[in-house]
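A.B. asks: the sequence and its predicted three-dimensional model are supplied below.
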Amino acid sequence: MNSLQSILLTLTSVLFVADLAQSFFYLPTADAREGGEHMSHGVYYACLCGFFATMVFALLAPSLPLMWVAVELTTLVSAPLIAYHRGTGSLEAMWKYLLICSIGIGLALFGTMLVMHAQTSGNATWFKAGFVFVLAGYGTKTGLAPFHTWLPDAHSEAPAPVSALLSGALLNCSFFAITRFRAVMPAEVASFCDNAMIALGVLSVAFAAIFMVRQTDYKRLLAYSSIEHMGLIVMLFALVMKLLPSADGMLRLDLADHSPVGILTLALFCHIVCHSLTKTLLFQTAGNLLLAFETRAITAVQGLGVSLKGHALLWLVGIVFICGMPPSALFLSELGLVLQAPLWMAALVLALLFIVFAAMTKVALSMTMGKPRARPVPVPRTLLIVPSLLFVLLVVSGLALSLLTVLSFAK
Amino acid sequence: MNFLFFILAVVLAPLLPGIVNQTKAFFAGRRGPGFFRLYFDLWKLLRKSCPRSTTSTWLFDLAPAISLAATLVAGMIFPWTLDTATTLSGISAVLFFYLLGTGRFFTVLGALDTGSAFEGMGASREVQFSALVEPIVFVILGFLVLATGQTSLAGLLAGYDAGAWAHHSISLVLAVLAFFAVLLSECCRVPFDDPETHLELTMIHEAMILDNAGPDLAFILYGAAFKMMLLAAFLVALLLPALPLAAPAKAALLLASTLGVAVLVGIVESVIARMRFLKTPQVLSGALMVAILATLLFVLF
Amino acid sequence: MTSLAEILLALFLLTNLILAGTGRLPQAIRLVAAQGWLVGLLPLVLWSWPTAGTPPLRVWLVALVNALVKGVLLPSLLAYAVRKVQAKRELEPLVSFRLSQIIVFALCVASFVFGKCLHIAEAIASELAIPVAFATMGTGLFLICSRRKAITQVLGFLVFENGITVFGSGILMEYGLVVELGILLDVFVLVFVLGIAIFQINRTFSSLDTDRLNQLGDVHLLHPHHHRHA
């Protein structure tokens, strides 16, 4: 088991527990607010547990085709969760999620075949073609632009704990699938694969930035933020692989390693963990806001700082963290990316990150500051428990990591 | 020798519609009109007088005879013995389809000459179908020219040996399928046209000959039967490789197989219904695509 | 050259062409079922009988399960859905049937030319398998994009999946039993879930046209004076 696998397993388990707990508090209130039909809670929890099980299966799958089976299963098990409330919007989101992800995954199966055939014949062209299909296929599920179209719909329509789990855990699992394929690529196609990943990464950040600027829906805003961060993660991974000296393609986390590879590997892992935790916090808070205001429109929510102090704090700090302000560990990882990337890429990424930062903080400030426009419906205090715990975890881990990094460099 | 089998084909031709009808009757659970119905019909029609409209011209009088003559000449140049070493070896395959086209052309002219609205409509549909069918025929001819390296009719139909036949069986199967669609359309069979329809608006071929009676009608009916014989023989010859048999045996096999094709047509007519007129061009263009695919497969693989 | 395999592969092309030109859902389902049987038969036909002897039990089992799931189970599931929601035909596809047929034909031609240019010499069962796989995958994707009815889109996905399976058989991919059955399980569950979604869509929208499913999306954000259409 390599470092990435163990970290993702831990992360997925933590997030699953967090979202399971949040579901207990969230669902009863949500059922009362939404009215209408909804899925029975038994099916919901069964699907949620199945979702977790298939993600673990995907992370632990012994072979590439078996991993394909597992990743496809994650789609199938999580699709019903999106249509928990049987509205028109959630059905549409579920249909798009199923169809787009299944086509993507179909392409990934095709890519898997090409790569496996290439492994027996050793033909570089087949490796290249295979990786392109794998990247497009699993990239669809990772939410990389231009294959991301299902993601904002699914994330905005699903109930909050499901959005959180989709964004925090599922995207990482399919990203992990890409890394496994990258590990079996021979040296002569390595730079092609890395460049392809960098191109998709930059494109994802760009797409996310464009669609975040005038976004009117705060859950969709978070969804685009996930696209942006998956783009950054893929870029970080490609940069690590470009610099990685050994041919085995294994990522090793070593805090004492101050070479560019060591720094970038640390940055990659920090980014994955911190993004997942922060995004879960944010989606859960967004779900709470949705219950309080019964709308996802950004303009309808104002003056949270007065009416819902606890949620306002979580929301503001979460958004600031996801934008990469210290003490969030995302600051360290994005700094690492910008320092190690080639100049054009660093400049481009910095500019795009600036746009994202402006768009997100504008939304966060307009929602938390000012006078409340509408009185929110009171929500139970139990909804704050899990996000608060995540918040504490984030601040502590962010501070600890920053401290650790500074100390290790000071030596 | 070839002429001998041509005479045999001429004699056997009216049997084909009979076989088709008997097959359909068998599937429908009826007794059917019998295999030799057309012989009796032709005999009856030939003894009748031949009333002709006073408003029509000599074109209408001559059309049935000319189209029958063209079809019969096409039959004469057909290599019934599937042998390249006959006197027919120099005759181009285009001439064969040209003669069949001439036959159709005069039937259409005769129909237009009556000035009847129904016959004009039937003529227009007949011409529309043939315009769609001809590209298919020529693509298949092109495929045969590529496969055999010859251009004469006898060379095309007898040219490829068993090895090449096995190697390109897939192209052949596709070409035969496309040509079967041609046969159904040209012989006015279901699903393109229904020879048993009794509504003038839905008729195609039958609508053109509403004004013909007596010997004229007999010529036309016999011409249609003989055309079916020719196309069925072409279909079988397309499918068969060069067999190590004596010429008479091959010709006998060919003629027997045409009867089999008639059974097949009867089965097709029993299984599927006639399709809407507007759907026909799509099916024929589909057959054209299949023919092109056959050629392409041959060229590429 | 294994002639029987080539003829099966040619039948794939024919079913693709007919599928592109038909609007009747029961007929389309029958065609997809026929493709399912072809997919099941293909590994057996491509098996090199003279040199490798009788195939092992695994190959027989996979062929049987493939044919049963793709040729019987899924089509009858879809036929049941068609009966229940009373959808008979695809009335107004986004691309007309005639044009669809021409496009699928062009896809076939393109994949032949492409497959010829690929120069795949090593370890393939039949020269035709890879072009046919490309053509079938393309047809499936095209059907998904050009049709409105949810059921036709599911059919398109099945065709796409068949194309991938043909490719696997064509390059003699050996996964092992577990993976083969896992892939089949995935396809089965997917169609099952899509089928349930079809029922819910039909009940909620009183229609199966997926162009009703266009409320979400962010393209309107790119227009200067945007307003969400209902």
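C.D. replies: Yes, it's here.
A.B. asks: what residues of the helix or strand of chain C with the lowest mean pLDDT count as buried?
C.D. replies: Every helix and strand in chain C was compared by mean pLDDT, DSSP states H and E; the lowest is helix C:49-52, with a mean of 79. Within helix C:49-52, not a single residue qualifies as buried, counting by 16 or more other CB atoms under 10 Å in any protein chain shown. In short, each C-beta sits where N, CA and C put it, glycine included.
A.B. asks: again with stretch C:40-56
C.D. replies: C:40-47, C:55.
A.B. asks: got those residues as TSV, with distance to chain A, pLDDT and secondary structure columns?
C.D. replies: TSV is the format used below for the buried residues of stretch C:40-56 (distance: CB to the nearest CB, whole Å; pLDDT from 0 to 100; DSSP: H, G, I helix; E, B strand; the rest coil):
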residue	distance to chain A	pLDDT	secondary structure
C:G40	18	91	helix
C:L41	20	91	helix
C:L42	15	89	helix
C:P43	14	87	helix
C:L44	19	88	helix
C:V45	19	86	helix
C:L46	15	84	helix
C:W47	18	82	coil
C:P55	20	83	coil
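A.B. asks: in chain A, which residue sits closest to chain C?
C.D. replies: Residue of chain A nearest chain C, by CB to the nearest CB: A:V69 (3.6 Å).
A.B. asks: check for me that that residue belongs to a helix.
C.D. replies: Yes. Looking at A:V69 with DSSP: H, G, I helix; E, B strand; the rest coil, it is inside a helix.
A.B. asks: which residues does residue 103 contact?
C.D. replies: If you meant another chain, say so; for now it's chain A. Contact partners of A:I103, counting by CB atoms under 8 Å, 6 or more residues apart in numbering or on different chains, are A:140, C:141, C:144, C:157, C:160.
A.B. asks: to clarify, I was referring to chain C.
C.D. replies: C:I103 makes contact with C:20, C:95, C:142, according to CB under 8 Å, 6+ apart.
A.B. asks: most surrounded residue in the residues you listed?
C.D. replies: C:A20 (27 neighbours; other CB atoms under 10 Å in any protein chain shown).
A.B. asks: so that residue is in which element?
C.D. replies: helix C:3-21 (DSSP states H and E).
A.B. asks: flag the shaky bits of the chain, pLDDT-wise.
C.D. replies: If you meant another chain, say so; for now it's chain A. Residue ranges of chain A with pLDDT under 70: A:1, A:246-250, A:411.
A.B. asks: switch to chain B, that's the one I care about
C.D. replies: Where chain B drops to pLDDT under 70, the residues are B:85-87, B:198-201.
A.B. asks: chain C contacts on that one?
C.D. replies: Those residues of chain B that sit near chain C, judged by CB under 8 Å from any CB of the partner chain, are B:166-167, B:169-170, B:173-174, B:177, B:281-283, B:285-286, B:289-290, B:292-293, B:296-297, B:300-301.
A.B. asks: one more: the stretch 51-200 of chain A?
C.D. replies: A:63, A:65-66, A:68-69, A:72-73, A:75-76, A:79-80, A:83, A:86-89, A:91-96, A:98-99, A:102-103, A:106, A:109-110, A:113, A:116-117, A:120-121, A:123, A:149, A:152-153, A:156-157.
A.B. asks: torsion angles phi and psi at A:D257?
C.D. replies: phi -90, psi 110 (degrees, to the nearest 10).
A.B. asks: now residue 25: closest residue in space, sequence neighbours ignored.
C.D. replies: Defaulting to chain A. Leaving aside its chain neighbours, A:F25 sits nearest to A:T382 (4.4 Å; criterion: CB to CB, 6 or more residues apart in numbering or on different chains).
A.B. asks: hmm, I had chain C in mind actually
C.D. replies: Nearest to C:L25 is C:V82, by CB to CB, 6+ apart, at 5.1 Å.
A.B. asks: got phi/psi on the closest residue to A:A297 other than its chain neighbours?
C.D. replies: Spatially, and ignoring its direct neighbours in sequence, A:A297 is nearest to A:T216 (6.0 Å; CB to CB, 6+ apart). Torsion angles at A:T216 (phi, psi; degrees, to the nearest 10) stand at phi -110, psi 0.
A.B. asks: measure A:T216 to chain B for me?
C.D. replies: 46 Å (CB to the nearest CB, to the nearest Å).
A.B. asks: what residues sit buried inside the helix holding C:A20?
C.D. replies: C:3, C:5-21.
A.B. asks: again with stretch B:210-223
C.D. replies: B:211-212, B:214-223.
A.B. asks: can you report how many residues lie near residue 216?
C.D. replies: Unless you meant another one, I'm taking chain A. Neighbour tally, A:T216, other CB under 10 Å: 17.
A.B. asks: my question was about chain C
C.D. replies: Neighbour count for C:L216, taken as other CB under 10 Å: 21.
A.B. asks: and what about the residue of chain C found nearest chain A, helix, strand or coil?
C.D. replies: Residue nearest to chain A within chain C (CB to the nearest CB): C:G182, separated by 3.6 Å. Put simply, C:G182 is helix when judged by three-state DSSP.
A.B. asks: now it. Nearest residue, chain neighbours left out?
C.D. replies: A:V69 is the one closest to C:G182 (CB to CB, 6+ apart), at 3.6 Å.
A.B. asks: I figured the one you found was touching C:D186, is that so?
C.D. replies: Yes. Using CB atoms under 8 Å, A:V69 makes contact with C:D186 at a distance of 5.9 Å.
A.B. asks: distance of B:P241 from B:A162?
C.D. replies: Per CB to CB, to the nearest Å, B:P241 is found 5 Å from B:A162.
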